[in-house]
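all I have is the shape, not the residue letters:
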């Protein structure tokens, strides 16, 4: 099955700086890569996703890049704000939500 | 509010006991997924149902079972509980069968503590 590795496990950045979280996946057939944000004590929520026919997708301060050859994808957050502090999970699947595999999460802390 | 309702929010029980966690999906969603999140761990997929039928299984223990009822709500049954079963259990729903991709809508979770 799919195996997703996520790095780093914790990340602290100064407010206003950029944050980058990286994930690698094992199954070359994976074609859908969502990112979920989980604030402390809250439920995970989808913040952005990318499909394998696209190399980059951007939504305001958040962007995701995908390198299918290297089998890795990354989340980029620019101009970080205190409300960006949360745990971020990447995920990948070769076949629908029922095969979705999550990474172990990155705890992002924004330092005011 | 995601529209997914989970009860109870918190549950404290003893080893060896059995508990039932309940999930009501968003209106119109036919798929229900159960995930386990242990302390500082990721989201471990347990099981998925679509329109009443089991569709996919993850690393679900034999002591755990689930079902989805005709009204589409789902229950996760955990029996012979061990200390290691203490975790946050999330239910998520989506409109489709699970064989296509798209957003999962998570509930607020049920926190189980086994003493």
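Ah, there it is. Being a predicted model, the structure only gives us computed values, none of them experimental. Numbering: from 1, shown residues only, chains lettered A, B, ... in the order given.

the closest residue to residue A:52 other than its chain neighbours - how many residues pack around it?
Counting by Cβ to Cβ, 6 or more residues apart in numbering or on different chains, the nearest residue to residue A:52 once its immediate chain neighbours are dropped is residue A:31, at 4.0 Å. Every C-beta, even on glycine, is put in place using the N, C-alpha and C of the backbone. By other Cβ atoms under 10 Å in any protein chain shown, 18 other residues sit near residue A:31.

over to residue B:6?
21.

gap between the residue nearest to it when sequence neighbours are not counted and residue B:73?
Residue nearest to residue B:6 in three dimensions, not counting chain neighbours: residue B:107, with 3.8 Å by Cβ to Cβ, 6+ apart. According to Cβ to Cβ, to the nearest Å, residue B:107 stands 11 Å off from residue B:73.

between the two, which contacts overlap?
residue B:23 (Cβ atoms under 8 Å, 6 or more residues apart in numbering or on different chains).

and the two? which has more neighbours close in?
Per other Cβ under 10 Å, whichever of residue B:107 and residue B:73 has more neighbours is residue B:107, with 26 against 15.

return the distance of the spatially most central residue of chain B relative to residue A:42.
Computing the C-alpha centroid of chain B and ranking residues by Cα atoms, centre = their mean puts residue B:34 first, at 3.1 Å. For residue B:34, the distance to residue A:42 (Cβ to Cβ) stands at 18 Å.

ok, residue A:87 next?
10 Å.

ok, now residue B:88?
According to Cβ to Cβ, residue B:88 stands 11 Å off from residue A:42.

tell me which of those two has more neighbours.
Each of residue B:88 and residue A:42 has its neighbours counted (other Cβ under 10 Å); residue B:88 has more, 18 against 13.

chain neighbours aside, what residue packs nearest to residue 56?
Reading this off chain A. In space, and not counting its chain neighbours, residue A:56 is closest to residue A:65: 4.9 Å by Cβ to Cβ, 6+ apart.

was after chain B, sorry
residue A:98 (3.7 Å).

backbone dihedrals for the one you found, please?
Backbone torsions of residue A:98, given as degrees, to the nearest 10, read phi -70, psi -10.

that one contacts residue B:53, doesn't it?
No: using Cβ atoms under 8 Å, residue A:98 is not in contact with residue B:53; the gap is 11.9 Å.

so which of these two has more stuff around it?
Per other Cβ under 10 Å, whichever of residue A:98 and residue B:53 has more neighbours is residue A:98, with 23 against 10.

residue contacts, residue B:74?
Residues near residue B:74 by Cβ under 8 Å, 6+ apart: B:22-23, B:25, B:32, B:34, B:49, B:66-68, B:91.

can you tell me how far it is from chain A?
Relative to chain A, residue B:74 is positioned 15 Å away (Cβ to the nearest Cβ, to the nearest Å).

next, that residue: phi, psi?
Phi and psi for residue B:74, reported as degrees, to the nearest 10, are phi -130, psi 150.

what residues are bridge-paired with it?
Here residue B:74 sits in beta bridges with residue B:23, residue B:68, going by DSSP bridges.

give me the pLDDT value at it.
Looking at residue B:74, its pLDDT reads 98.

what of residue B:115?
We have a pLDDT of 96 for residue B:115.

rewinding a little: my guess is the residue nearest to the centre of chain B meets residue B:90, correct?
Yes: between residue B:34 and residue B:90 there is a contact at 7.3 Å, judged by Cβ under 8 Å.

ok, now which ones touch residue B:94?
Applying Cβ under 8 Å, 6+ apart to residue B:94 gives the contacts A:97, B:29, B:31, B:33, B:102-105.
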